[in-house]
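Give me the fold of what follows.
(2 chains, ligands or ions: 2)
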Amino acid sequence: MNIIVCVKQVLDPDIPPAKFRVDSASKKVVPPEGIPPVINPYDAQAVELALRLKEKHGGKISVLTVGSNGADKVVKHAISMGADEGVVLSDETFEGSDSFSVAYILSKAIEKIGEYDLVLCGRQAADWDEGLVGSVVAENLGTSLVTLAEDAEAVDDGLKVKRVTLDGYQVFVVPLPAVVTVSNEVGQARLPSGLGIISAARRQIPVWKAEDLGVDPSLVGSTAARRKLFALSVPARERKCEIIEGETPAEAATKLAVRLREAGAI
Amino acid sequence: MEQEFDAIVVGAGPAGSACAYKLANAGLQVLVIDRGKFVGAKNMWGGAFYGGDLLNLLPNFCEEAPFERYVTRQKISFLTEEDCLSVDFASPKFKEPAPHGFVMLRSKFDRWFADKAQEAGAVVAPGLGADDLLWDGSRVVGVKAGSDELPASVVVACDGANSGMAQKAGLQKELSSEDMKQGVKEVIELSEEIIEQRFGLSGKEGIAWEFVGSCTQGLPGGGFIYTNKDSLSVGIVVQLDALVKRKVQANDLLEGFKSHPEVARVIEGGKLVEYSAHLIPVSGINMMPELSRDGFLVAGDAAALVLGTGLILEGANFAVASGIAAAETVIEAKERGDFSNESLSMYRRLLEDSYVLKDLRTFRKAPHFLENPHIYNLYPELACDVARRVFIGDGQPRKTTWDNVRDSLKGRASLLQILPDLWQGKGAI
Ligand SMILES: Cc1cc2nc3c(=O)[nH]c(=O)nc-3n(C[C@H](O)[C@H](O)[C@H](O)COP(=O)(O)OP(=O)(O)OC[C@H]3O[C@@H](n4cnc5c(N)ncnc54)[C@H](O)[C@@H]3O)c2cc1C
Ligand SMILES: Cc1cc2nc3c(=O)[nH]c(=O)nc-3n(C[C@H](O)[C@H](O)[C@H](O)COP(=O)(O)OP(=O)(O)OC[C@H]3O[C@@H](n4cnc5c(N)ncnc54)[C@H](O)[C@@H]3O)c2cc1C
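Numbering: from 1, shown residues only, chains lettered A, B, ... in the order given. Ligands and ions are numbered 1, 2, ... in the order given. Below you'll find the predicted structure:
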């Protein structure tokens, strides 16, 4: 089974909150200096599912990412986990693309690769939590789509996918090729092995530009964005600490209860 | 493995990246592994890089390297609880002919340096820690990382203070807390304008500021402030065994240091964005391990190549210089096809001939001298007291400076106590 996994680089979720900054004027997140982005955790789990499918059914795993500066690092991460190859999709004209344009770029790259049975995406990118790209890719490619997969296996007439629901799961069988978005219920993504890290470190990751993909420049970049951002700010959280005292624990507890009622908490 | 490496460098700090860069440039197959999630992830220092080693190694260093500022002022202050007496040295020589000191943040610099090594052809693999060495008899033939065995003709241990690799190679004993200082530091964000205003800087100018006195509460060590582009690195360095004995936390000393009026003034309104701690080997040549064995070399902090004289604390330049010397040694060993200890002993000769071991020998008595508590309480007190008497009139008839010194000494110390310190200091720092 030939699988293509779409992986996105996101800000490292381990960044201390003090280092997270947005520039309200340009409406952009200011990436913290010195802390490189990481692979979107859900995408690492998509790679994990791809590896399990490959272990069971054989085939090849290719990885795609749309991104600039250092995007090869997330492709290398996927390769160090066991993916076979990967490509960075990068072009100046891609800057500022919205989810639709990103999905368009990915679809063009997937068509260029041509031979595929399955496209896996993460359930959502951990930075903006949109959860759009996978569905739009399926639409563009005209394939079947299952979102929020927690498991999958190949069956005679396609792919059997277990889909997470609020209080249980659904099972679908869809014809291939298909797009599946992968949820965290798939389980932990494996850690790269030493040899995996070294063989990924040795790789040169190819870059495909707009013209390599046949991307129409009027459909990508900030000018093509159908979605306009009006304001961006970090929510101000106020914390207050009040010390409630009392002669006896009972008195303190009574005062606390009164105070909580005043504050409308109980 | 697809292909055996000529050299595996363990650790991508300044020593490891310098070594790998040089080796890769000479066309050797080199692998650098670092246990950090990314290169530089957990590394910290004061800090400024002094001297010309990086400029010589990396032709476009000044244009490309992600340094924060040049050092254009070097300041040393003696602190009491309230007072501060400073020597503030500014000189155009700091910049000419080339900058002499670069203030840098390790997370940025280390990654940039490792990328340079990678561009030169080294394979850089972060997220991979060496757990043990591979042996063939008494010869080191590679490293073990998790369940993987990575063979190489030679292993260069650049794994920093308390080097696991030098210990596994049987060259370094388990280190004791007497040989270590603990460094803790905060990065405090302030705007570029405020920093330039508060420190009287402009453009890429920067200050390296060392403190001795009340900031370590009499324990051997000191405080520091370095100006980054839009933040300050503020920290202290304290003798580890003294911390343990006195049951003091380095953090608490740092908090005290930050609340000293002179320090509080410059960090006011800043936002704490980073906290980190690290050990520094400080006994210099007295704790230096054997530097090589068959198939194995050790460089940088892993070999305790750090110079601390009380006025300066330098290790990164020694790390780079030793990393380069290790690379030169490996390049020749590869030409000879001989990685025996004898062949690798060239490394020690290179270090003996350079400032690395010459400086460590010159200051070999410094570590012991710096244990003297007078340096951290008596002398800063005296200096500030004399300054108070000289500069703050109290309406009484003035005295000569010499008489002020004598009055200051009264009740604090006798010449008989001070003379031995002076005598020791003369030979040590
Ligand atoms: C308010 C706001 C501000 C933004 N500002 C910026 C900005 O300043 N700079 C910027 O670069 N982006 C910015 N974006 C993000 C950008 O507009 C797109 O949303 C984004 O690139 C597409 O990903 P997504 O977050 O919609 O992904 P989702 O739809 O949440 O992602 C689902 C899955 O799609 C796949 N996928 C998503 N993106 C990629 C990718 N790039 N490459 C490969 N696979 C991918 C992954 O498998 C992922 O798990 C902003 C978004 C929002 C909502
Ligand atoms: C608070 C403080 C202030 C300082 N100020 C200055 C200053 O102003 N100027 C100056 O010149 N020096 C200063 N130093 C000293 C300087 O930081 C060190 O001397 C220098 O970093 C040594 O470089 P290195 O490459 O030998 O080791 P390190 O920089 O410690 O690098 C070691 C690397 O090895 C990796 N590693 C460790 N173990 C393993 C393993 N088992 N497997 C894989 N990787 C491993 C680590 O992740 C790390 O990246 C300061 C130090 C401290 C703590």
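
so A:Lys19 touches A:Pro32, yeah?
Yes: A contact is recorded between A:Lys19 and A:Pro32 when judged using C-beta atoms under 8 Å, the distance being 4.2 Å. Quick note: C-beta positions are derived from backbone N, CA and C, even for glycine.

any shared contact partners between those two?
Shared contacts of A:Lys19 and A:Pro32, defined by C-beta atoms under 8 Å, 6 or more residues apart in numbering or on different chains, are absent.

near chain B, which residues of the stretch 1-150 of chain A?
Listed as neighbours of chain B in the stretch 1-150 of chain A under the rule C-beta under 8 Å from any C-beta of the partner chain: A:Pro16, A:Ala18, A:Lys19, A:Glu33, A:Gly34, A:Ile35, A:Pro36, A:Ser80.

wait, which of these is closest to chain B?
Proximity of the residues of the stretch 1-150 of chain A next to chain B to chain B, judged by C-beta to the nearest C-beta, is greatest for A:Gly34, which lies at 3.3 Å.

Can you give me the pLDDT of the closest residue to the closest one other than its chain neighbours?
With sequence-adjacent residues excluded and distances taken as C-beta to C-beta, 6 or more residues apart in numbering or on different chains, A:Gly34 is closest to B:Ser107, at 3.3 Å. B:Ser107 carries a pLDDT value of 90.

element containing B:Ser107?
helix B:106-119 (DSSP states H and E).

what comes up buried for that helix?
Residues of helix B:106-119 classed as buried: B:Arg106, B:Ser107, B:Lys108, B:Phe109, B:Asp110, B:Arg111, B:Trp112, B:Phe113, B:Ala114, B:Lys116, B:Ala117, B:Gln118 (neighbour count, 16 or more other C-beta atoms under 10 Å in any protein chain shown).

So what touches that helix?
Helix B:106-119 is contacted from outside by A:33-36, A:201, B:12-14, B:17-18, B:20-21, B:24, B:30, B:32, B:34, B:38-41, B:43-45, B:47, B:49, B:58, B:64-67, B:124, B:126, using C-beta under 8 Å, 6+ apart.

B:Arg406: how many residues sit nearby?
Look at B:Arg406: counted by other C-beta atoms under 10 Å in any protein chain shown, it has 13 neighbours.

Quick check: it is in a helix.
Yes: following the definition DSSP: H, G, I helix; E, B strand; the rest coil, B:Arg406 is counted among the residues of a helix.

can you tell me the residue of the stretch 101-250 of chain A closest to chain B?
With distances taken as C-beta to the nearest C-beta, the stretch 101-250 of chain A approaches chain B most closely at A:Gly194, which sits 3.5 Å away.

which residue does the stretch 1-150 of chain B bring closest to ligand 1?
In the stretch 1-150 of chain B, no residue comes nearer to ligand 1 than B:Phe38, which is 19.9 Å away by C-beta to the nearest ligand atom.

check contacts around that residue.
A:Ile35, A:Pro36, B:Arg111, B:Pro126, B:Gly127.

Any stretches of the chain with poor pLDDT?
With no chain named, the answer covers chain A. Screening chain A residue by residue with the criterion pLDDT under 70, one finds no matching range.

Oops, wrong one, chain B.
When the per-residue scores of chain B are filtered using pLDDT under 70, the ranges that remain are B:1-3.

Tell me which residue lies nearest the centroid of it.
The C-alpha lying nearest the average C-alpha coordinate of chain B belongs to B:Gly315 (C-alpha atoms, centre = their mean; 3.6 Å).

Who are the contact partners of that one?
Taking C-beta under 8 Å, 6+ apart as the criterion, B:Gly315 is in contact with B:Trp45, B:Ile280, B:Gly300, B:Asp301, B:Leu305, B:Val306, B:Leu307.

Among those, which one has the most neighbours?
Of all those, B:Gly300 has the most neighbours under the rule other C-beta under 10 Å, reaching 32 neighbours.

Leaving out sequence neighbours, find the closest residue to it.
The shortest distance from B:Gly300 to any residue other than its chain neighbours is 2.8 Å, reached at B:Ala15 (C-beta to C-beta, 6+ apart).

now B:Ile429
Excluding the flanking residues, the one nearest B:Ile429 by C-beta to C-beta, 6+ apart is B:Thr309, at 4.7 Å.

Ok, A:Val133 next?
Nearest residue to A:Val133 in three dimensions, chain neighbours excluded: A:Ala103, at 4.7 Å (C-beta to C-beta, 6+ apart).

Which strands and helices lie in contact with whatever helix or strand A:Val179 lives in?
For A:Val179, the enclosing helix or strand under DSSP H and E is strand A:178-182. Other elements packing on strand A:178-182 under the criterion 3 or more C-beta pairs under 8 Å, 6 or more residues apart in numbering or on different chains; DSSP states H and E are helix A:41-57, strand A:118-122, helix A:133-141, strand A:144-155, strand A:158-165.

Compare the ones you listed and give me the one nearest ligand 2.
Distance to ligand 2, taken as C-beta to the nearest ligand atom, is lowest for helix A:41-57 among the helices and strands packed on strand A:178-182, at 22.4 Å.

ok, residues contacting whatever helix or strand comes next after that closest one?
Along the chain past helix A:41-57, the next helix or strand (assigned with DSSP H and E) turns out to be strand A:61-66. Contacts of strand A:61-66 with the rest of the structure, by C-beta under 8 Å, 6+ apart, involve A:2-9, A:47, A:50-51, A:54, A:71, A:74-75, A:78-79, A:82-90, A:94, A:97, A:102, A:105-106, A:109-110, A:113, A:116.

just checking, which of these belong to helices?
Under the assignment DSSP state H, those contribute A:47, A:50-51, A:54, A:74-75, A:78-79, A:102, A:105-106, A:109-110, A:113 to helices.

Now which of these would you call buried?
In the ones in helices among the contacts of strand A:61-66, the ones that pass as buried (16+ other C-beta under 10 Å) are A:47, A:50-51, A:54, A:74-75, A:78-79, A:102, A:105-106, A:109-110.

Also within reach of ligand 1: list those from the residues you listed.
A:Val102, A:Leu106 (C-beta under 6 Å from any ligand atom).

Return the closest of the buried ones among the ones in helices among the contacts of strand A:61-66 with respect to B:Met180.
Distance to B:Met180, by C-beta to C-beta, is smallest for A:Val74 among these, at 37.8 Å.

need the contact list for the closest one.
The neighbourhood of A:Val74, defined by C-beta under 8 Å, 6+ apart, consists of A:Val7, A:Lys8, A:Gln9, A:Pro37, A:Val38, A:Ile39, A:Asn40, A:Asp43, A:Thr65, A:Gly67.
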